[in-house]
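Colleague: Next input, structure requested:
(one chain, ligands or ions: 2)
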Amino acid sequence: MAQGYFITGTDTEIGKTHSAVALTRHWQAQGRRVLAMKPVASGCEIRDDGSWWNDDVARLSAATGQQDLALMNPYRFLPPVSPHIAAREAGQLISLEVIAAHYQRLAEEADVVLVEAAGGWLAPLTDELCMEDMARRLALPVILVVGMRLGCINHALLTARAIRGAGLTLAGWVANRVVPDQLAYEDNLATLKAAIPAPMLLEIPYQG
Ligand SMILES: Nc1ncnc2c1ncn2[C@@H]1O[C@H](COP(=O)(O)OP(=O)(O)OP(=O)(O)O)[C@@H](O)[C@H]1O
Ligand SMILES: [Mg+2]
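Modeller: Ligands and ions are numbered 1, 2, ... in the order given. Got it, this is the predicted structure:
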């Protein structure tokens, strides 16, 4: 059975997918078979040939080589809004059991499975559930992607506290440089290393 990780972040658009791709390459280089999952994706497009397209699913599948995009991504929505709103508008019910079943199938075929959440830790999934509930249902250790920019220390520490408060393991964190010239970057990094109660797994430079 695979080792799974739930990838969360300090916010939306701070490099969860970017980091998941980097982690995939890192583990592939060690000879491990990595598969990825984006259980819920909003902001999808329908292409001229009628196929669905989502940027995260495309980037993750390009890195892992997965062909079965429906297995990777059971829930997909057109509007680029929070999943609970997109699902309500589409009249669809997001089920943690469906997501867990898809995860199990991937876990049977891989050494590592990365599950990329949508948004941040408490981002709503349905009117009742949030991303934390998904991580808890899958019972996965969590990797926190910190988008390195002003304000990230507060977001990172709040998220780390919430993860541990949920009874889950914070397996590690990624320092992802989302802006080219964060002031006092090294000081910020040192503060995060001292304050986050888990190891930094990867430091990703700005790649603009
Ligand atoms: N290290 C980096 N250097 C340069 N650009 C980056 C870096 N990390 C992320 N980006 C860019 O920032 C944007 C957001 O990154 P990404 O899509 O990985 O975020 P995300 O947290 O997965 O977003 P979402 O919440 O939509 O899933 C992308 O355009 C990506 O190319
Ligand atoms: Mg993403």
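Colleague: so residue 59, which of the three states?
Modeller: Using DSSP: H, G, I helix; E, B strand; the rest coil, the secondary structure recorded for residue 59 is helix.
Colleague: so how many other residues sit close to the residue nearest to it when sequence neighbours are not counted?
Modeller: Nearest residue to residue 59 in three dimensions, chain neighbours excluded: residue 17, at 5.3 Å (CB to CB, 6 or more residues apart in numbering). Every residue, glycine included, has its C-beta placed from N, CA and C. Number of residues near residue 17 (other CB atoms under 10 Å) recorded here: 23.
Colleague: Repeat that for residue 188.
Modeller: 19.
Colleague: try the one 10 residues further on
Modeller: Residues lying near residue 198 (other CB under 10 Å) number 17.
Colleague: In terms of pLDDT, where does the closest residue to ligand 2 within the chain sit?
Modeller: Of all residues in the chain, residue 17 sits closest to ligand 2, at 3.4 Å by CB to the ion. Looking at residue 17, its pLDDT is 98.
Colleague: Below-threshold pLDDT in this protein: ranges please.
Modeller: Counting by pLDDT under 70, the chain contains no low-confidence range.
Colleague: Okay, and the beta partners of the closest residue to residue 28 other than its chain neighbours?
Modeller: Distance criterion CB to CB, 6+ apart; nearest residue to residue 28, sequence neighbours excluded, is residue 34 at 5.7 Å. Beta bridges link residue 34 to residue 112, judged by DSSP bridges.
Colleague: Dead centre of the chain: give me the residue that sits there.
Modeller: residue 116 (2.5 Å; CA atoms, centre = their mean).
Colleague: Ramachandran angles for it?
Modeller: phi -90, psi 120 (degrees, to the nearest 10).
Colleague: Ok, the one 3 residues further on next?
Modeller: In terms of degrees, to the nearest 10, the main-chain angles of residue 119 are phi 60, psi -150.
Colleague: count of neighbours near it?
Modeller: Quick note: residue 119 (other CB under 10 Å) scores 20 neighbours.
Colleague: what do you get for the one 3 residues further on?
Modeller: Neighbours of residue 122 under the rule other CB under 10 Å: 13.
Colleague: again with residue 160
Modeller: By other CB under 10 Å, neighbour count at residue 160 equals 22.
Colleague: need the contact list for it.
Modeller: Residue 160 sits next to 144, 170, 173, 196-198 when contact means CB atoms under 8 Å, 6 or more residues apart in numbering.
Colleague: 6 Å instead, please
Modeller: Counting by CB atoms under 6 Å, 6 or more residues apart in numbering, residue 160 makes contact with 170, 196.
Colleague: Point me to the helix or strand that includes the residue nearest to residue 59.
Modeller: Per DSSP states H and E: residue 17 is located in helix 16-28.
Colleague: That helix near ligand 1 at all?
Modeller: Yes - counting by CB under 6 Å from any ligand atom, ligand 1 is contacted by helix 16-28 at 16-18.
Colleague: Run through the residues of this structure sitting next to ligand 2.
Modeller: Residues of the chain lying close to ligand 2 (CB under 5 Å from the ion) are 16-17, 56.
Colleague: nearest to residue 132, of the residues you listed?
Modeller: Residue 132 has its nearest neighbour among those in residue 16, at 15.1 Å by CB to CB.
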